[in-house]
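Participant: coordinates only, sequence not included:
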């Protein structure tokens, strides 16, 4: 996405375009703004795969009836520290923020809280929700089921599991929360698509063919399954993230998971799980932050491997990207820019970029 | 551990020996029984690396003053849904069970609960604690800091991170909870020790040399660092598990982590974090169990990869091993059997095995 011919587009342009597009297909203003800012934050953080590149499919799903632009997000069951939220088939970015807000609210008096979600949709980056908690002085957890099954169970040859992402964020005195945000495959499927387009082989630990055996043939790999990190470890991990995201709420799992891009008229019933641990229930926030400072300094000051200049905290590269992109604009490839402009023209929404 | 010349030793023999050894060095009877049963369950489950093979170092640490055989485990801070537990430098298996019991107790009325622990020690397998919750109809979380630093931060060349393990267990209608239990390295360090002894090369993704660059030379690898699963993903994951296990309670992290085997007279100040989500706060337990049944059946019945007969759930192989070992005895290698017998003789404790 930083190829020479990428355009650098201001954050405000991307935000305004996204809000306008969402509004045009019936999303209320406050919801459109929330979704757009969540979406564009991914682009700012350099996680382009979960940014505005996804807007066209969200729009298509709304137009085709697969996603509800005006959801009534509601709590269907709760205790003082738990809730099950029904997303009413709304955009996942909106449902996710509402659900994490409920978890944070329930923790206001020092309780830990977990909120399970069903009838949601693709929610973008898991880090976004975990960071909401971290900015309130809470350790935040965010789990979701992938919107497409790309993984087989270990030993299997049938797509039954998503490459399920999760995030855990820690309050810190850095200008960013320390945040793990990972999916469970060795390599993103997007990289295999690129290799297949270029007719290049892939490393043998990226994917299996349709027979469930590892392959270096990218075209075969696209008919097969991505390989989880650490083999059986990653299988157990993606299964666990999937179960956490669905079993408490009744969201779709396994065979029942729809296909984000193909079944655009059908609800996906995606599930998430959010959790928060307020630091000050465990120790004074300042003592905790002192410890985080020390941990971060120790890691940063560790002896470097040959050829390495700097050790990063999880979430730090994304923060640095955000600073840079906020100042210089977000790199958008020409194909995506054309797609957005064309989508805009179809719906009478400006994409103010000279192509 | 299943080599031909391994001895098959009955569970009861291993339990009685462990209880006797622990009692002999001053561990009270109820604590000794709890620790022994936790320890031997690892052997039964086929996780020999965390079973009775560790007893000699626990005994040595007690004798050398590094571990307290008669800890007063106490709550130093709490809310209705959280606690910080000070393990008083007791055996981790004992401290861990007490802390998880507190979390389960706090969740008795349907709340989620998390308990952070400091001043503990090596606690064996993370699964043990997560499964305690699963057997009570709760999803259980168990995180710990590794007792030795074997990992460098990504890009680093200094042992600053443990190969930190964690477990998440789900209630199910199977005879076992579905349970993820993993540490964050590609391969266990034990496998590198074996390769070095045999003078064999190791795969290039197992470890780096002391310069932080990948090596296939097992001897160099032992001077270096184990590589995390998925590279930077596993680095972020082990860091996250480490922070969860220590930052809320003030347990040792990074540079402050002691060395289990070498500094036997010094307290380790190990940390853990336990959490429980009572299923029935989110949905009727039976509805949840129906969903788990369906998820498990879908995965088991998935098309198999070429040459594969059976797909296992995480925790299933361990359960099958437990059944087998309970019936036939636990395989104990001759070197370990001799070590245990000799330790027994030194302390006037029988290890009733014909060697």
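Facilitator: Yep, it's here. Nothing here was measured: the structure is a model prediction, and the numbers come from that model.
Participant: near chain B, which residues of the stretch 251-355 of chain A show up?
Facilitator: Contact residues, the stretch 251-355 of chain A versus chain B (CB under 8 Å from any CB of the partner chain): A:253-255, A:275, A:277-279, A:281-283, A:287-288, A:291-292, A:294-295, A:298-299, A:302-308, A:310-314. For glycine as for every other residue, the C-beta is placed from the backbone atoms N, C-alpha and C.
Participant: Now, those residues that are in strands?
Facilitator: A:275, A:277-278 (DSSP state E).
Participant: which residues touch residue A:240?
Facilitator: Counting by CB atoms under 8 Å, 6 or more residues apart in numbering or on different chains, residue A:240 touches B:168, B:170, B:180, B:314.
Participant: so the second one touches residue B:178, yeah?
Facilitator: Looking back up the chat, that one is residue B:170. Yes: at 4.5 Å, residue B:170 counts as touching residue B:178 under the criterion of CB atoms under 8 Å.
Participant: which one of those two has more residues nearby?
Facilitator: residue B:170 (32 against 25; other CB atoms under 10 Å in any protein chain shown).
Participant: So for chain A, the centremost residue is which one?
Facilitator: residue A:125 (1.9 Å; CA atoms, centre = their mean).
Participant: Looks to me like that residue is in a helix.
Facilitator: No: assessed with DSSP: H, G, I helix; E, B strand; the rest coil, residue A:125 is coil; it does not lie in a helix.
Participant: can you count the residues close to the residue nearest to residue A:256 when sequence neighbours are not counted?
Facilitator: Among residues not flanking residue A:256 along the chain, residue A:269 sits closest, at 7.3 Å (CB to CB, 6 or more residues apart in numbering or on different chains). Residue A:269 has 21 neighbours, counted by other CB under 10 Å.
Participant: list the contacts for whatever residue of the stretch 251-355 of chain A ends up closest to chain B?
Facilitator: Residue nearest to chain B within the stretch 251-355 of chain A (CB to the nearest CB): residue A:305, separated by 2.5 Å. By CB under 8 Å, 6+ apart, the contact set of residue A:305 is B:152, B:155-157, B:208, B:211-213.
Participant: May I ask which of those has the most neighbours?
Facilitator: residue B:152 (27 neighbours).
Participant: can you tell me how far residue A:264 sits from residue A:67?
Facilitator: Residue A:264 sits 9 Å away from residue A:67, going by CB to CB, to the nearest Å.
Participant: More neighbours: which of the two?
Facilitator: The neighbour comparison of residue A:264 against residue A:67 (other CB under 10 Å) goes to residue A:67, with 27 against 18.
Participant: and that one, what does it touch?
Facilitator: Residue A:67 touches A:58, A:61, A:89-91, A:121, A:267, counting by CB under 8 Å, 6+ apart.
Participant: part of a helix, is it?
Facilitator: No: under three-state DSSP, residue A:67 falls outside any helix and is assigned coil.
Participant: Now for residue A:264 and residue A:67: what residues contact both?
Facilitator: Applying CB under 8 Å, 6+ apart, one finds that residue A:264 and residue A:67 are jointly contacted by residue A:61.
Participant: Now residue A:68: closest residue in space, sequence neighbours ignored.
Facilitator: That would be residue A:89: by CB to CB, 6+ apart, it lies 4.1 Å from residue A:68.
Participant: which SS state does the one you found fall under?
Facilitator: Residue A:89 falls in the coil class when you classify it by three-state DSSP.
Participant: Measure how buried it is and give me the count.
Facilitator: 23.
Participant: Nearest spatial neighbour of residue A:57, chain-adjacent residues omitted?
Facilitator: Using CB to CB, 6+ apart, the closest residue to residue A:57 is residue A:261 (5.9 Å).
Participant: wait, the one you found sits on residue A:148?
Facilitator: Yes: if you go by CB under 8 Å, residue A:261 and residue A:148 touch, sitting 7.3 Å apart.
Participant: re the thing from before, can you get me a residue count around the residue nearest to residue A:57?
Facilitator: For residue A:261, using other CB under 10 Å, the count is 10.
Participant: Now do the SS call for it.
Facilitator: The three-state label given to residue A:261 by three-state DSSP is coil.
Participant: and the gap between it and residue A:61?
Facilitator: In terms of CB to CB, residue A:261 sits 9 Å off from residue A:61.
Participant: Identify the residues contacting residue A:272.
Facilitator: A:92, A:95-96, A:99, A:116-117, A:120, A:123, A:129, A:142-145, A:245, A:251.
Participant: Tell me which two of these sit farthest apart.
Facilitator: A:129 and A:251 (15.6 Å; CB to CB).
Participant: nearest residue to whatever residue of the stretch 101-250 of chain A ends up closest to chain B other than its sequence neighbours?
Facilitator: Of all residues in the stretch 101-250 of chain A, residue A:212 sits closest to chain B, at 2.5 Å by CB to the nearest CB. Distances taken as CB to CB, 6+ apart put residue B:305 closest to residue A:212, at 2.5 Å, once the chain neighbours are dropped.
Participant: Just list what the helix or strand of chain A with the lowest mean pLDDT packs against, helices and strands only.
Facilitator: Least confident helix or strand, chain A: helix A:189-198 with a mean of 87, by mean pLDDT, DSSP states H and E. In terms of contacts (3 or more CB pairs under 8 Å, 6 or more residues apart in numbering or on different chains; DSSP states H and E), helix A:189-198 is packed against helix A:218-223.
Participant: And the helix or strand residue A:169 falls within, what does it pack against?
Facilitator: According to DSSP states H and E, residue A:169 maps onto strand A:166-170. On a contact count with 3+ CB pairs under 8 Å, 6+ apart, strand A:166-170 meets helix A:127-134, strand A:138-144, strand A:178-182, helix B:232-246.
Participant: 6 Å instead?
Facilitator: Counting by 3 or more CB pairs under 6 Å, 6 or more residues apart in numbering or on different chains; DSSP states H and E, the packing neighbours recorded for strand A:166-170 are helix A:127-134, strand A:138-144, strand A:178-182.
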